[in-house]
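Asks: Next input, structure requested:
(one chain, ligands or ions: 2)
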Amino acid sequence: MDFSNLRGDYSNIWPDYTVEQDWSGYTDEEHSLWRRLYRRMIGLMPDHAAQAYYDGLQRLDCADGVPNLEKASDKLEKLTGFRLVAVPGLVPDDVFFDHLANRRFPVTVWLRTPEEFDYLVEPDIFHDFFGHVPLLSDPVFADFLEAYGRKGPEAIKHGGLKCLARLYWYMVEFGLINTDKGLRIYGAGILSSSGETVYSLTDKRSTRIGFDLERVMRTDYAIDDYQKTYFVVEKFEDLFEACERDFVPIYKKYAEAEPFPKDTVLATDRLYEAEAPSVPMAG
Ligand code: HBI
Ligand code: FE
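Replies: Ligands and ions are numbered 1, 2, ... in the order given. Below you'll find the model as predicted:
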């Protein structure tokens with residue numbers, strides 16, 4: 001991994017790529033930007049976010065400013081055994097997998113600038129914490145993330161990294177869940193973006209397909225635009241159960257094959273209808 005062009009400071013990392021968060025070092029402007037980012041998202045959560053995510057977010061009580069990762073870890077650990085580890089940014093796949101396998105979630109320490117309010121290339125602490133951390137409080141999703149991390153070494157050994165990364169991308173970053181109130185969002189990449197939060201549930205230019213492990217592992221994705229395809233689970237157990245399968249035969253079949261383009265729709269796909277746009281509150 002070429003860290004010279006990554007934004008974070010990798011000059012002072014431990015061997016597992018963790019750093020100190022230095023929470024007292026955040027400026028008033030950074031805490032104020034965090035509150036602006038939080039305020040923009042929180043109003044969308046009741047009608048768009050999965051209940052398990054929203055419950056976790058409320059437990060974290062992180063509206064007032066950039067969160068302290070140690071304090072948040074003390075709360076999380078009691079719920080699912082997960083702790084947060086501070087990192088300068090993206091870390092190598094093998095390091096990332098090892099953290100997840102040991103119930104440690106890497107959280108970037110730097111916050112975007114005000115100019116990046118609407119979009120930034122690399123995940124910052126708002127994406128990692130607001131997007132990913134709330135769902136670490138859900139026991140089944142936490143079990144899935146640990147099981148996902150444990151799949152890392154085998155994927156590296158059998159050339160399955162791309163397939164495994166697609167599973168993370170579609171089901172951790174951009175996953176939807178079907179509920180008795182319709183489709184809801186749990187994916188971190190969506191929940192840290194106000195535009196994609198509305199788009200992912202309602203826009204007919206994208207397709208919503210029932211989760212299928214091999215379909216996801218074979219499907220390409222774009223990192224710089226809203227997703228053309230969202231995959232839907234009926235329950236988080238679907239993700240955990242998928243990780244109980246042997247992935248090596250899938251790698252053998254598809255690791256070198258051309259992936260499905262990101263906008264593919266197959267006759268075998270189970271399609272979900274887009275949600276009707278929720279009418280903005282009158283007045
Ligand atoms: N590193 N800090 C950090 N956060 C991620 O989400 C992350 C990573 N390294 C690799 C990675 N994600 C993806 O390649 C996963 O699919 C493994
Ligand atoms: Fe992420």
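
Asks: Spell out which parts of the chain neighbour ligand 1.
Replies: For the chain, the contact set with ligand 1 under Cβ under 6 Å from any ligand atom comprises 87, 90-91, 93, 96, 106, 165, 168. Yep, even glycine has a C-beta here, placed from its N, CA and C like the rest.

Asks: Of all pairs in those residues, which one spans the longest distance?
Replies: Based on Cβ to Cβ, the longest span within the residues of the chain next to ligand 1 runs between Val87 and Ala165 and measures 17.6 Å.

Asks: so how far is Val216 from Leu136?
Replies: 21 Å (Cβ to Cβ, to the nearest Å).

Asks: Same question for Val85.
Replies: From Val85 to Val216 the distance is 27 Å (Cβ to Cβ).

Asks: Between the two, tell me which one has more neighbours.
Replies: Counted by other Cβ atoms under 10 Å, Val85 and Val216 do not tie: Val216 has more neighbours, with 22 against 19.

Asks: which ones are touching the closest residue to ligand 2 within the stretch 1-150 of the chain?
Replies: As assessed by Cβ to the ion, ligand 2 sits closest to Pro123 within the stretch 1-150 of the chain, at 5.0 Å. The neighbours of Pro123, taking Cβ atoms under 8 Å, 6 or more residues apart in numbering as the test, are 89-90, 108, 131.

Asks: Apply 7 Å and report the result again.
Replies: Residues near Pro123 by Cβ atoms under 7 Å, 6 or more residues apart in numbering: Thr108.

Asks: So which residues make contact with the longest helix anywhere in the chain?
Replies: For the chain, the helix that runs over the most residues, judged by DSSP state H, is helix 28-42. The contact list for helix 28-42 (Cβ under 7 Å, 6+ apart) reads 63-66, 111, 114, 126, 130, 194.

Asks: From the contact counts, what lies against the helix or strand following that helix?
Replies: Downstream of helix 28-42, the next assigned helix or strand under DSSP states H and E is helix 45-48. Contact here means 3 or more Cβ pairs under 7 Å, 6 or more residues apart in numbering; DSSP states H and E; on that basis helix 45-48 packs against helix 51-60.
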